[in-house]
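Peer 1: How does the following fold in three dimensions:
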Amino acid sequence: MPAYATTALTLDDESVPRLRARLLAGPGAAAFEPMTAAYRDASATVAGVAADLAHLLRDYDCAHGGDAAGATRVHLDALLHGTRTDADRLARAAAALQEQAAHHGAARREVAAGEPAAAPGTAAVPGAADLLGAVLAAAGPSSRARQALAVYQENSNHTLTTALPVFGPRPAGPEWRV
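Peer 2: Purely as a prediction, here's the structure:
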């Protein structure tokens, strides 16, 4: 079964302003909502189809008997099972997108909170005691931004490899004969 590609950015190779700009560009976590809603709606639609199929199968059981009816039932059960599976996968995809939006929002908040600001007392040449404080103040937001981006990348890769179901070709089922 195919798997989703993950990212392995080396965050130390890019400047914090460039990394920050890339994450803060665009509409943010809200951009995930239309796709999440589409998957949620698709899941509900497919679940409704599965419920209709289950009802029809119950009616079919009452109307037919014998070997031919049993063989048909095997095929219809496989179709019902696949439909239920697809509804579940669509629901899990919606949940994974919602989770990814939360990761994105958290990373944006952390990176935005770490915007570098002029450290107090750095306008003039700081004294020896102020130098360490100035260096730590200057490095703090960068470290925080890099850490937030590393966590976002790790969470994204986790979502891609564990939470987001892979949609690929359906496994071969019983052979259909007409």
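
Peer 1: From Ser142, how far out is Ala21?
Peer 2: 14 Å (CB to CB, to the nearest Å). (C-beta placed from N, C-alpha, C; glycine too.)

Peer 1: Which one of the two is surrounded by more residues?
Peer 2: A direct count of neighbours by other CB atoms under 10 Å for Ala21 and Ser142 places Ser142 higher, at 16 against 11.

Peer 1: if I read this right, the more buried one contacts Val16, doesn't it?
Peer 2: Yes - because the distance of 4.5 Å satisfies CB atoms under 8 Å, Ser142 is recorded as touching Val16.

Peer 1: Next, Leu19: secondary structure please.
Peer 2: helix (DSSP: H, G, I helix; E, B strand; the rest coil).

Peer 1: so it sits right up against Arg146, yeah?
Peer 2: Yes - using CB under 8 Å, Leu19 is in contact with Arg146, at 7.3 Å.

Peer 1: so what sits against both of the two?
Peer 2: By CB atoms under 8 Å, 6 or more residues apart in numbering, Leu19 and Arg146 have these common neighbours: Leu11.

Peer 1: Tell me, how many residues neighbour Asp88?
Peer 2: 15.

Peer 1: what packs against whichever strand or helix holds Cys62?
Peer 2: Using DSSP states H and E, Cys62 falls within helix 33-63. Secondary-structure packing of helix 33-63 (3 or more CB pairs under 8 Å, 6 or more residues apart in numbering; DSSP states H and E): helix 67-113.
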